[in-house]
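Undergrad: Below are the sequence and a predicted model for it; my questions follow.
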Amino acid sequence: MKRWDDRARAGLLALAGALVLTLAVPAGAQPAPRATATRGGTDAATNQVSIRIEGDYRVITANGWPDHVPGKFPRRGNPNTASPQNYTFRVPLKPVTNGTPVRRGGWFFGVALNGVPFEPGTAETWNNDPRSPWRYEAHTGFLNLGLDEHNAHVQPTGAYHYHAMPTGLVQRLGGDSNRMLLVGWAADGFPIYTAVGHTDPKDGTSPLRQLRPSYRLRQGERPVGADGPVGKYDGRFTQDFEFVKNSGDLDDSNGRIAVTPEFPAGTYAYHITDEFPFLPRQWHGTPDASFGKGGGAPGTGPAGAGRQRGGAGGGPAGGPPSPLSEALDANGDGIIDATELKAAIEALKSLDANGDGQLTPDEYQPARRGPGGGPGGGAGPGGGRPPARGGPGR
């Protein structure tokens, strides 16, 4: 890092002084994601995956590294470094459907053919409240969780995982422009395809088209209450969507019974769609325990999303904290006292994410509020505090 000279020191102290007078940020503002360093130590990793039959199960062992070039991590919105894992998944060869959909806490939904897990949900909650059922969506554009060009990012464990269509895998498999394309297996044993399917699910010779999910954005305003966000349903939260039976081609598990190239006699099959829910949020059969990893339900993420800071920077009406005030107000009491001012230089250095010896607006200012709100455009009425900046938990 470049030396922080006297000019920078004076400027930052002046900035800190000004902040004392303006601790409160506009309600609904959203801190800009932190910039991160470039990837290191994982460039030489290679994809390792084995899919074999053992008795009544299909067993997938993998290191979780994709067979395409992943995005560079750490990156803005995701400070985690990708690293090879040690997975052993198994799925039944003859899966059985249940009368009601199944959810499990803290499980991968399934695994791609290249050994990379699928996970639809996030750990980020409204107001960073681990008890809140309101979970941010990773793929609707309101929160930057650092997804790469393959709709994937990295957990704190180093696990690279997909939140939506695995575009790099689809390309390596030759695409789905003129066929149904199998891309993975769900934890209950049923196959996972891209959004392409036959117009008539019972006729493998019928024309192919993009299948549509049966979820839609709720209309109107979120319910007013102290236990959740308010404002218009806009897609930032999983709960902003609702299932409307027969409004699309797929059921509430984002699948249907159909003939496929691998199952010409027909099977239940999941689909990854370009619209919500993107990945299925529940299973039609019984998931195998090898996909469990602790935490929250598929589609909701684990309970707990980092610390929740009060005090300085909270802003009027529960607005989000400012990166500057969070750094300077070490004890979170809403006051930058003499001791904290003496430590201001070192505290502000913690915001210098790229280590260039200076702070740029994207490092010390909340993101500007734009129409519709949300990260990248402000939190808006329903945004609440932004998730803690410890990196995506999912």
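TA: Cool, got the structure.
Undergrad: right, and the helix or strand after the helix or strand of the chain with the lowest mean pLDDT?
TA: In the chain, the helix or strand scored least confidently by mean pLDDT, DSSP states H and E is strand 30-31, which has a mean of 30. Downstream of strand 30-31, the next assigned helix or strand under DSSP states H and E is strand 49-54.
Undergrad: That next one: partners in the sheet, and parallel or antiparallel?
TA: strand 57-62 (antiparallel) (DSSP bridges).
Undergrad: From the rest of the structure, what touches the strand it pairs with?
TA: 48-53, 85, 87-93, 111, 114-116, 185, 189, 288 (C-beta atoms under 8 Å, 6 or more residues apart in numbering). For every residue, glycine as well, the C-beta is placed using N, CA and C.
Undergrad: The helix or strand that it is followed by pairs with which strands?
TA: Beyond strand 57-62 on the C-terminal side, the first helix or strand identified by DSSP H and E is strand 87-92. Sheet pairing of strand 87-92 (DSSP bridges) gives strand 57-62 (antiparallel).
Undergrad: Output the strand it pairs with as CSV, nothing but the C-alphas.
TA: In CSV, the C-alpha atoms belonging to strand 57-62 read as follows (Å, rounded to 0.1, in the frame of the first residue of the first chain):
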residue,chain,number,x,y,z
TYR,A,57,-27.6,-44.9,-6.4
ARG,A,58,-25.8,-42.6,-8.8
VAL,A,59,-22.7,-41.4,-6.9
ILE,A,60,-21.0,-38.1,-7.8
THR,A,61,-17.6,-37.3,-6.4
ALA,A,62,-16.1,-34.0,-7.3
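Undergrad: For it, buried residues please.
TA: 57-58, 60, 62 (16 or more other C-beta atoms under 10 Å).
Undergrad: and the protein, what are its domains?
TA: 6-31+307-383, 46-305 (automatic domain parsing).
Undergrad: which stretch in those has the least confidence?
TA: Sorting these by mean pLDDT places domain 6-31+307-383 lowest, at a mean of 49.
Undergrad: what is W107 paired to in the beta sheet?
TA: Listed beta-bridge partners, W107: G292 (assigned using DSSP bridges).
Undergrad: shouldn't H161 be in contact with V116?
TA: Yes: counting by C-beta atoms under 8 Å, H161 touches V116, with 6.3 Å between them.
Undergrad: So for those two, which residues contact both of them?
TA: Residues touching both H161 and V116 (C-beta under 8 Å, 6+ apart): 64, 152.
Undergrad: now the contacts of strand 57-62: which count as buried?
TA: By neighbour count, with 16+ other C-beta under 10 Å, the contacts of strand 57-62 hold 48-49, 85, 87, 89-92, 111, 114-116, 185, 189, 288 as buried.
Undergrad: Out of those residues, give me the two with the largest separation.
TA: Farthest pair in the buried ones among the contacts of strand 57-62 (C-beta to C-beta) is Q48 and P92. Separation: 23.7 Å.
Undergrad: Distance of the residue lying closest to L181 once chain neighbours are set aside relative to Y136?
TA: Excluding the flanking residues, the one nearest L181 by C-beta to C-beta, 6 or more residues apart in numbering is T194, at 4.8 Å. For T194, the distance to Y136 (C-beta to C-beta, to the nearest Å) stands at 25 Å.
Undergrad: Have a look at those two and say which one is more surrounded.
TA: More crowded of T194 and Y136, by other C-beta atoms under 10 Å: Y136, with 27 against 24.
Undergrad: where do the helices sit along this protein?
TA: For the chain, the helices defined by DSSP state H occupy 6-21, 167-172, 323-328, 338-342, 344-349, 361-364, 380-383.
Undergrad: Just the CA atoms of the second one, as PDB, please.
TA: What follows is the C-alpha trace of helix 167-172 in PDB, where atoms were taken according to Å, rounded to 0.1, in the frame of the first residue of the first chain:
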ATOM      1  CA  THR A 167     -23.800 -20.800 -18.800                       C
ATOM      2  CA  GLY A 168     -20.200 -22.100 -19.100                       C
ATOM      3  CA  LEU A 169     -21.400 -25.700 -18.600                       C
ATOM      4  CA  VAL A 170     -24.200 -25.200 -21.100                       C
ATOM      5  CA  GLN A 171     -21.700 -24.000 -23.700                       C
ATOM      6  CA  ARG A 172     -19.300 -26.900 -23.000                       C
END
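Undergrad: Identify the residues contacting it?
TA: Under C-beta under 8 Å, 6+ apart, the answer for helix 167-172 is 66-70, 112-114, 116, 149-151, 176, 181, 183, 194.
Undergrad: hmm, 7 Å instead?
TA: Residues outside helix 167-172 that contact it (C-beta atoms under 7 Å, 6 or more residues apart in numbering): 66-68, 112-114, 149-151, 176, 181, 183, 194.
Undergrad: Using JSON lines, lay out these together with distance to R216.
TA: Output for the contacts of helix 167-172, formatted as JSON lines (distance: C-beta to C-beta, whole Å):
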{"residue": "P66", "distance to R216": "32"}
{"residue": "D67", "distance to R216": "35"}
{"residue": "H68", "distance to R216": "32"}
{"residue": "A112", "distance to R216": "27"}
{"residue": "L113", "distance to R216": "30"}
{"residue": "N114", "distance to R216": "32"}
{"residue": "E149", "distance to R216": "27"}
{"residue": "H150", "distance to R216": "26"}
{"residue": "N151", "distance to R216": "21"}
{"residue": "D176", "distance to R216": "24"}
{"residue": "L181", "distance to R216": "26"}
{"residue": "V183", "distance to R216": "25"}
{"residue": "T194", "distance to R216": "21"}
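Undergrad: Sounds good, over and out.
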